[in-house]
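A.B. asks: how does the following fold in three dimensions:
(chains A and B)
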Amino acid sequence: MRLAGLALTALLVAGPALAVTPEERLADPALEARARAISEELRCLVCQNQSIDDSEAPLAHDLRVLVRERLEAGDSDAAVKQFLVDRYGEFVLLRPTFSESNLLLWAAPFLVLLAGIALAFLFYRRRRAAAGTERLSAEEEEALARVLGRPEQG
Amino acid sequence: MTGAFPVAELGHFALVLALALSLIQSSVPLWGARSGDARLMGVAPATATAGFLYVALAFAALTAAHLQSDFSVQNVWENSHSAKPLLYKITGVWGNHEGSMLLWVLILTLFGALVARFGRNLPDSLRATVLAVQGWIGSAFLLFILLTSNPFARLDPAPLEGRDLNPLLQDVGLAVHPPLLYLGYVGFSIAFSFALAALIDGRIDAAWARWVRPWTLAAWTFLTLGIAMGSYWAYYELGWGGWWFWDPVENASFMPWLAGTALLHSALVMEKRGALKIWTVLLAILTFSLSLIGTFLVRSGVLTSVHAFATDPTRGVFILGILVLFIGGGLSLFAWRAPTLKQGGLFAPISREGALVFNNLFLVAATAAVFVGTLYPLALEGLTGKKISVGAPFFDLTFGPLMIPVLLAVPFGPLLAWKRGDLAAAAQRLGVAMAASVAGVLAVLLLSGSHAALPALGIGLGLWLIAGAFSELAERTRLFRLPIAASAARLAGLPRSAFGTALAHAGLGVTLIGIVATSAFQSELITEVQPGDRVEVGEYGLTYVGTAPMTGPNYRAEVAHFRVDRDGVGIGTVTPSKRIYTVRQMPTTEAAIETYGLSQLYVSLGDRSERGLVLRAYYKPFVTLIWLGAVVMAAGGAASLSDRRLRIGAPRRAASRTTDPVPA
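C.D. replies: Predicted coordinates:
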């Protein structure tokens, strides 16, 4: 489903964006592209689950203008984000930080995978050991073939 | 029916009777199964069927109240209006908290009644226990409705006019999306009930899997369509052209889908090979648990969103109680009883079973990514007061990488033999698929340049899935190695489940290509226009003709007219509009969407500024593949369900023949 690709998509592209209005945009295309990329990772604080790039809310508009002002003042992308975090807290970041309190958040999916692989491996080894040899011996094969009434081949 | 007829009270009374029946269904058959009393066990089908009929009666009563615009019923007053179009008077029944819970229970009891009806070839004690577990779930949710969410509450004095339905919900999407979604969500309750019954009985055999798999498949098919429908609805209704937002409410439906997909595949191993029994039982419990968590997230109001009608905290606590009871109870029962279940057959790591275990490992980890991403912010805020957001960038970095290995592996699965497979031979048979995939990557690179390397790989992966899916059919029909007529005859002779697998896997590739193409290659235009202006987006030109007012049944609208041309040749008009729903004074944006081939032109209006009308236009190449792929997947599910083996039904097995082929 959509699912699958999102992943990829994420890696692939800077996604679509919608709510930016014509007069907000910066004249410098490189700077505008950076503004769009940053906007996609910032939450519209009063919206349900939208980035400021997607939202038509007045607050999102204000933040978009703010991001562009900071960029025009020469801030790096990280500095712009930090500026907003200082003002609004980490809640504004749609990509959670790799901080200590978020460790479990980032690690959990991969821990689940590793635990699953480990369990599957242990289980496999135990089952195989418990089942003993899987293959029949040559005599058993012969006996089986006789019982089944099949002519032995080669 | 006259206005004086107490329709609401009738519905309320029917719900109380349904609860009474459900309580009997929860207890008596279980006692019968324990004591081996056939008469007590026989109570189960009767109560399940009658319970369903009473819930249906209650649902009909609520529908009648909505159709009559009986504003003395609080639910109708809050969500309807006499001028509302007829379709929305009907769909408005479940476009609110109380009504949607009633729909939930209606579908739950429907599934119970179906098990009662079609389960005659099940062992009596298994059927009685399964229906008893269904009864527990039904009782809990009927109590929830009666105690916290009564849809039949009256208002005195009755208001003259209603407050109308949320305009965003006044759409044909509401007629289709919730029922499909619930058929999926709630359908997984059957797998859950069978899992609990197996644990209670301490016995599980191939007949169990033969029953669980089709029910899971049916639920999965509905859920696939329901999610896709919801996605398309959001795409055209919200007016910003996005189709998936990683919103907690979307995630709530996506988690059961992922886990259900894993369950389908593990149930297959169990049905065919008798292996992975304990794991399948656990997965069945987890899948329905995720459905319950989804219901909790949406219904409790912990998330504020267009879907969360509930704001009353008592409801949240009540559902949380149900959640703890069923998930905690289910998992405890699993921990206690699972060791008594007998293990199934052995297999080598490289085998069909091994491939399905691989699928399960990664799907479960991907589910975990969605799960922590959705619930971690709630937990962190609850425990430390710290507020964080988890948005698309998180899922892109966790869910994404976890899905890629599964997608790469999908075509191999059906080509590996059971028990012990040959990877090299499978790879050889996938030569054509690999060539198609590489050709696709090169074609995208040639057309778009080297900066499109990642989209090219994404599209290559999609082609790999599609071509790989049909490689198995080509292999089984010995295509091009036998005369075409002989291959065609073989194709006709294949079981429908083989087509089901191929379609479902190919659908995944179709959706993936749609996602990648739209995200990477869409054109966007945001500008202001005056009448007479012509602007371009992608290969299309839009000429703004003008704007005219319009009056709908319960809204006023401003409709903009644009002429569309392609390279200067006129090909039609589009009319995006902005509406104001008069009762709630709520504005909505109605995007105009034109489909050209598989691609779409999406035109949406912004506000009016001094320099003209703000226009947002997008050209979205291959965007329809996103949803078409889901339809293909669902068609795969349906094809597999129509397989002869499932149509005719599993033969009843004697207890003595249920032993495993390989001793544990």
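A.B. asks: first-to-last residue distance for stretch B:379-389?
C.D. replies: Across stretch B:379-389, the terminal residues are separated by 12 Å (C-alpha to C-alpha, to the nearest Å).
A.B. asks: what comes up buried for that stretch?
C.D. replies: Within stretch B:379-389, the residues that count as buried by 16 or more other C-beta atoms under 10 Å in any protein chain shown are B:380, B:388-389. Placement of C-beta: from N, CA and C, glycine included.
A.B. asks: same question, stretch B:192-206
C.D. replies: So, applying 16+ other C-beta under 10 Å, buried residues of stretch B:192-206: B:192-201, B:203-206.
A.B. asks: before we move on, back to that, mind checking which of the buried residues of stretch B:379-389 land in helices?
C.D. replies: Using DSSP state H, the subset of the buried residues of stretch B:379-389 located in helices is B:Leu380.
A.B. asks: what's in contact with stretch B:483-501?
C.D. replies: For stretch B:483-501, the surrounding residues in contact (C-beta atoms under 8 Å, 6 or more residues apart in numbering or on different chains) are B:414, B:469, B:472-473, B:476-480, B:482, B:636-645.
A.B. asks: chain center to the helix ranked longest in chain A: distance?
C.D. replies: Counting residues, the longest helix found in chain A (DSSP H) is helix A:103-131. Helix A:103-131 sits 21 Å away from the centroid of its parent chain (C-alpha atoms, centre = their mean, to the nearest Å).
A.B. asks: list the buried residues of the next helix or strand after it.
C.D. replies: As assigned by DSSP states H and E, the chain's next helix or strand after helix A:103-131 is helix A:138-148. Residues of helix A:138-148 classed as buried by neighbour count (16+ other C-beta under 10 Å): none.
A.B. asks: same check on stretch B:498-514?
C.D. replies: For stretch B:498-514, a neighbour-count test (16+ other C-beta under 10 Å) marks B:498-514 as buried.
A.B. asks: enumerate the positions of stretch A:95-105 that are buried.
C.D. replies: A:95-96, A:102, A:105.
A.B. asks: right, is it up against chain B?
C.D. replies: Yes. Counting by C-beta under 8 Å from any C-beta of the partner chain, chain B has neighbours in stretch A:95-105: A:95-97, A:101-102, A:104-105.
A.B. asks: reformat the buried residues of stretch A:95-105 as a markdown table; add pLDDT.
C.D. replies: Rendered in a markdown table, the data for the buried residues of stretch A:95-105 read as follows (pLDDT from 0 to 100):
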| residue | pLDDT |
| --- | --- |
| A:Arg95 | 92 |
| A:Pro96 | 92 |
| A:Asn102 | 91 |
| A:Leu105 | 94 |
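A.B. asks: and B:Ser75, what does it touch?
C.D. replies: Just so we're on the same page, residue B:75 is Asn rather than Ser. Residues near B:Asn75 by C-beta under 8 Å, 6+ apart: B:62, B:65, B:96, B:98-99, B:151-153.
A.B. asks: thinking again about what came up before, of all the residues of stretch A:95-105 next to chain B, which comes closest to B:Leu397?
C.D. replies: Using C-beta to C-beta, A:Arg95 comes nearest to B:Leu397 of the residues of stretch A:95-105 next to chain B, at 7.7 Å.
A.B. asks: that closest one reaches A:Arg43, doesn't it?
C.D. replies: No. Using C-beta atoms under 8 Å, A:Arg95 is not in contact with A:Arg43, being 9.9 Å away.
A.B. asks: list residues touching both of those two?
C.D. replies: The contact sets of A:Arg95 and A:Arg43 overlap at B:Gly391 (C-beta under 8 Å, 6+ apart).
A.B. asks: which residue is the nearest non-sequential neighbour of B:Ser266?
C.D. replies: B:Thr280 (4.6 Å; C-beta to C-beta, 6 or more residues apart in numbering or on different chains).
A.B. asks: and what of B:Phe141?
C.D. replies: B:Val105 (5.0 Å).
A.B. asks: which positions within the helix or strand harbouring the one you found qualify as buried?
C.D. replies: Assessed by DSSP H and E, B:Val105 sits inside helix B:97-118. Neighbour counts over helix B:97-118 (16+ other C-beta under 10 Å) mark B:97-116 as buried.
A.B. asks: which strands and helices lie in contact with it?
C.D. replies: helix B:7-35, helix B:43-67, helix B:74-79, helix B:124-148, helix B:172-201, helix B:277-300 (3 or more C-beta pairs under 8 Å, 6 or more residues apart in numbering or on different chains; DSSP states H and E).
A.B. asks: quick check: angle from it to helix B:172-201?
C.D. replies: With axes from the mean of the first three to the mean of the last three C-alpha atoms, to 10 degrees applied, the angle from helix B:97-118 to helix B:172-201 works out at 50 degrees.
A.B. asks: show me how far helix B:97-118 is from its chain's centre.
C.D. replies: Centroid separation between helix B:97-118 and its chain, computed with C-alpha atoms, centre = their mean, is 16 Å.
A.B. asks: what average pLDDT does it get?
C.D. replies: Here helix B:97-118 scores 94 as its mean pLDDT.
A.B. asks: quick one, it and helix B:43-67 angle?
C.D. replies: 140 degrees.
A.B. asks: give me the pLDDT value at the residue in the stretch 401-550 of chain B positioned nearest to chain A.
C.D. replies: Among all residues of the stretch 401-550 of chain B, B:Ile515 sits closest to chain A, at 3.4 Å; criterion: C-beta to the nearest C-beta. Here the pLDDT value assigned to B:Ile515 is 94.
A.B. asks: ok, the residue nearest to B:Phe141 to B:Leu292 distance?
C.D. replies: B:Val105 sits 13 Å away from B:Leu292, going by C-beta to C-beta, to the nearest Å.
A.B. asks: kindly report the same for B:Val529.
C.D. replies: 49 Å.
A.B. asks: who has more neighbours, these two?
C.D. replies: Neighbours per residue, other C-beta atoms under 10 Å in any protein chain shown: of B:Val529 and B:Leu292, the larger number sits with B:Leu292, 26 against 19.
A.B. asks: now do the contacts for that one.
C.D. replies: Going by C-beta under 8 Å, 6+ apart, B:Leu292 touches B:322-323, B:326-327.
A.B. asks: ok, B:Ala262 next?
C.D. replies: When contacts are counted by C-beta under 8 Å, 6+ apart, B:Ala262 touches B:283, B:287, B:359-360, B:363-364, B:367.
A.B. asks: closest to chain A among those residues?
C.D. replies: Closest to chain A, out of all of these and judged by C-beta to the nearest C-beta, is B:Val364, at 6.2 Å.
A.B. asks: for the closest one, give me phi and psi.
C.D. replies: phi -70, psi -40 (degrees, to the nearest 10).
A.B. asks: related to what we said a few turns ago, verify the stated contact: the residue of the stretch 401-550 of chain B closest to chain A with B:Ile626.
C.D. replies: Yes. Using C-beta under 8 Å, B:Ile515 is in contact with B:Ile626, at 5.7 Å.
A.B. asks: follow-up on the earlier one: give me the buried entries from the contacts of B:Asn75.
C.D. replies: Looks like those have B:62, B:65, B:96, B:98-99, B:151-152 buried, using 16+ other C-beta under 10 Å.
A.B. asks: which of the residues you listed lies closest to B:Trp418?
C.D. replies: Out of those, the member with the shortest distance to B:Trp418 (by C-beta to C-beta) is B:Gly99, at 47.2 Å.
A.B. asks: re earlier: the residue nearest to B:Phe141 and B:Pro29, how far apart?
C.D. replies: Distance from B:Val105 to B:Pro29, counting by C-beta to C-beta: 19 Å.
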